[in-house]
Every structure is written in structure tokens, then in C-alpha cells.
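# here are the coordinates; sequence isn't available:
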Ligand code: G6P
């Protein structure tokens, strides 16, 4: 099955809303504002499949360069400066303090860590007064600004519109839009885990949890990465929203006369897009730069630097491996592609420092002038990371909890070495790659070390079989499958409205 080609939505207008937009602006050293394609699979998924429809993408202006680019725009609306991103951009600007409260504090601290079951990291913020402040004056207001922008888009066109919302930054938006547009078609996909209701209860005050669940019930379709996440949502509605009716069999919620269908659509990648990048000139150049670093055995990881990815534990497991297997010394290199993330938050900066310290200690303890046990790239360079993934013998994905983890799938798509995936049982990707990987519980340092050893020494035929299975899985359940399933459900919905 190919993952190319267009899908069509039976709507005349598509309005997508996300926190991070599909185009990022940045300033050159000379102070010029330039643009580049925003990172991430969602941008690829949405732009490559729905460009037939008249589309607008609403997002937040995140940086000074974004704000500057907007100065030249009328009402915040700009044509996309990037050829294959065929959408109008409508970037929303809010005061910086409000944005920090929304993005740093509520989204990337309270919600991110609550939903990844890291209460301790979320909890510092919990002092009630501060939580109410960042919720009311940050999250709520930014959600309102996004909803207003989407509402203006709907109102400005006399046609059948579909609104697609993404992720945890925008939980209140669908409810706000529904108030203004009772019959507009609306869908939201949540990329991160959805904990069971007792966990929500133990993390957040009931009024905030209630706002979150109610906010999402403005959607016609609500998509999650796994069945478990979708079930937890339904069960949460039952627990928190008294006047909602939940059908577990039909997987829908009826709330104030409106129905929300709750589904799971595991996100994936486009194998052909990944290979195109690897085989491009830039990809080939990147591969040439990686080759001299390769050793007899090559372990790799690619992660944004943040606590849920469990990067430090992964390196400690590698340390254990080196401790237990002196025969691997000098013959093994761990290539780590680490992407700085959300550095405006102290917690993320601290984890960054902790990670670098662990790497340094291991390199000092075992390395010598001829051998660096861990070779680190700290940069956001997708081409280099993908090019390198062709060569791994072992790919470590040991997230504590992960909505999906696309690195596991990217590795399976591009590796040419019968490389073995060592995969966290608590990642969403495990549901698709269980039979194509060596499973670990990410908390177990010894277990991870053993799994790494097993993966490095697995007989050739077994490596081949696992790699084949992994490749087959991502070829079959690809990004297009993800998009098709959602679009089919949306089209059914739109048809039932006619
Ligand atoms: C996760 C989230 C996305 C987010 C991405 C990068 O994958 O699900 O919504 O865009 O991380 O995080 P950032 O804060 O840099 O946008």
C-alpha cells in the first residue's frame, strides 16, 4: 500500500488549529525574518493530504520572529510562504505573559506531566492560587483567542466548514466554538496519553478537570492514540460530568443534546517521505558525516530532551551494559541525537543539564583517547538524525510513558541494517510494534541493560525477522492510514448532516 496521494474531505472549508503552526519564522544574524517548515508529523500529515480543500491554519505566534512576520499581515492572515504548504496562515498574537502562562505553565508543565503520570513534576505548580491564575489568565484566554480566530474564519465564509483541532494546548476551544456555531463539524486529536479518572482527580482540582472534559465535548469526534486512552476519556466523563450520558458500547458521549464520538487512531509516519529525505542530497551528505563515527556495534536514540523520554535512565542502562560486558569496550558507540525542547522552562533545562552530566560521566569513566562511548548531537536536525537511523544495530526507545513515539516507527522505516528496536512497553507505539521489538519496562535499569545486550547479540535470522516485521508494520499502518480513518469518520459525519 502506498502512502502517497490526496484524500478528500467532503467539506468546502477546512480550518486547522494547533499551538505550533506549520511555518516557523526565524531571524537571521543580519536581522532578516525568514521562514521554514514547522517540525513534526502533523504538519506533514495535514498538508500532504488535505491540500485540495480551501484551508486556513490557525496557530499561536510563538516567537518574536513570528510576531514580526505578522506585522506585515492583514488581521493576522498571511499566505503560506512555503510552496507545498497550501494553506492560509492565521497566526494569533497574545501578550507574552499570557502566552507563558498558557504554554510553559499550564500546557507543558501541568498538563504535559499530569498526562504523562509524572505528578511530582506537575505538582510544584499546584499551589492553588497560582494554578487558578495560570488557568484563568493564561490557558483560558489563549484558548479563547484561538476559538475567536476560528469563529471568525467560519463566519467569514458562507460554506460547509470542518474544524480540526490538535492536542493538549487547546482543550477548551471546541466548547467555545460550539457555542457560536452549533452545527459546524469539529474533530480533535489528542497526541498524548489520557490518564484514568483517578489520576486526574489526584492531580488537579475538580473544577479544572471538569473544564477540560466539558471543553472537549464540543467536538463531534475526539481521537486518541490508543483504545486505552479513548476508554479513559469515556470513563472520565462518567466520573466528572454529571449531566453527560456515556455509551461505552457505542463509544460516544451525549452532553446537552450534542454527541461526541470517541475513537482511537494510532498516528504513524510516511515511509515514502522519510525515505525521500534520507535519499535526498542533504540526506546523503548527512549519512557521509555519520559513517566515520560508526563502530562495530552502534546503539542510537533520537529524542526531545525532556523527562518523559527517560534519557538519563537509558544512559545508565548503557553504563550497566559496559560494566557487565568489558568485551564491548571500544567496540560499541551510542549515538544520541538530542533535541533541545521547551528551554524556557527551568524543569526542562534542569533535565537537559542532568542528561549532559550523565553522558559526560560515562564518557569519562569508560572512554579513552580512542573511544568515546556516547557521541552526542544536541541539535534539531531531522535530516542528520534520520540519515543516521539507517545504520543502527540497536535503537533504544525507553520513554516512561509516551502517547505514541514516532522515532520507533521512523527507525523501522529507514534502517537498512536489520537493526533491533528495544521498546518501552508503556509507549503507544508498543501496541503496533510489540512483535517487532524487544520489550522493556523503562523503569528497570538492569532489564534495559539486558535487553540492549540481547539486541546487540541476537542471531542474524532473528534480527532480520524482527526488522522485517517492524518495516512491514509501518508500511501498512502509515500516516495515510491514520488520516484516512479519520477522514472516513468525518465524511460519514458530514454526510449525516446533509
Ligand atoms: C509533542 C506534542 C506536540 C508538540 C511537540 C513538540 O509531540 O504532542 O503537540 O508540538 O511535542 O513540542 P513543542 O512544545 O516544541 O511544540
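Here it is on my side, so go on. The model shown is predicted, which means the values in this text are computed figures rather than measured ones. Residues are numbered from 1 along each chain as shown.

# OK, contacts around residue 497?
183, 185 (Cβ atoms under 8 Å, 6 or more residues apart in numbering). For glycine as for every other residue, the C-beta is placed from the backbone atoms N, C-alpha and C.

# That one and residue 259, how far apart?
Taking Cβ to Cβ, to the nearest Å as the criterion, residue 497 is separated from residue 259 by 12 Å.

# Over to residue 243?
With distances defined as Cβ to Cβ, the gap from residue 243 to residue 259 amounts to 14 Å.

# what does residue 161 give?
For residue 161, the distance to residue 259 under the criterion Cβ to Cβ works out to 19 Å.

# Spatially central residue for the chain, please.
Central residue check for the chain by Cα atoms, centre = their mean: the C-alpha nearest the mean position is that of residue 191, 5.7 Å away.

# Which pLDDT does the model give that one?
The pLDDT attached to residue 191 in the predicted structure is 96.

# got the phi/psi numbers for it?
The main-chain torsion angles of residue 191 are listed as degrees, to the nearest 10 and equal phi -80, psi -10.

# Closest residue of the stretch 101-250 of the chain to the ligand?
Checking the stretch 101-250 of the chain residue by residue against the ligand with Cβ to the nearest ligand atom singles out residue 191 as nearest, at 3.6 Å.

# Just to check, that residue is in contact with residue 165?
No: between residue 191 and residue 165 there is no contact under Cβ atoms under 8 Å: 11.4 Å.

# Can you get me a residue count around the residue in the stretch 1-150 of the chain that the ligand sits nearest to?
Of all residues in the stretch 1-150 of the chain, the one sitting closest to the ligand is residue 20 (4.2 Å; Cβ to the nearest ligand atom). Using other Cβ atoms under 10 Å as the criterion, residue 20 is surrounded by 17 other residues.

# ok, now which ones touch residue 219?
When contacts are counted by Cβ under 8 Å, 6+ apart, residue 219 is found next to 165, 174, 186, 187, 188, 260.

# helix, strand or coil for the fourth one?
Same thing as residue 187. For residue 187, the assignment made with DSSP: H, G, I helix; E, B strand; the rest coil gives strand.

# Test my guess that residue 261 contacts residue 252.
Yes: in this structure residue 261 lies within contact range of residue 252 using Cβ under 8 Å: 4.8 Å.

# follow-up on the earlier one: distance check, the residue of the stretch 1-150 of the chain closest to the ligand against residue 472.
Counting by Cβ to Cβ, the separation of residue 20 from residue 472 is 32 Å.

# repeat for residue 217
Taken as Cβ to Cβ, the spacing of residue 217 relative to residue 472 amounts to 38 Å.

# who's more crowded, these two?
A direct count of neighbours by other Cβ under 10 Å for residue 217 and residue 472 places residue 217 higher, at 22 against 12.

# quick one, phi/psi of the closest residue to the more buried one other than its chain neighbours?
By the measure of Cβ to Cβ, 6 or more residues apart in numbering, the closest residue to residue 217 outside its immediate chain neighbours is residue 255, 4.6 Å from it. The phi and psi values for residue 255, taken as degrees, to the nearest 10, are phi -140, psi 120.
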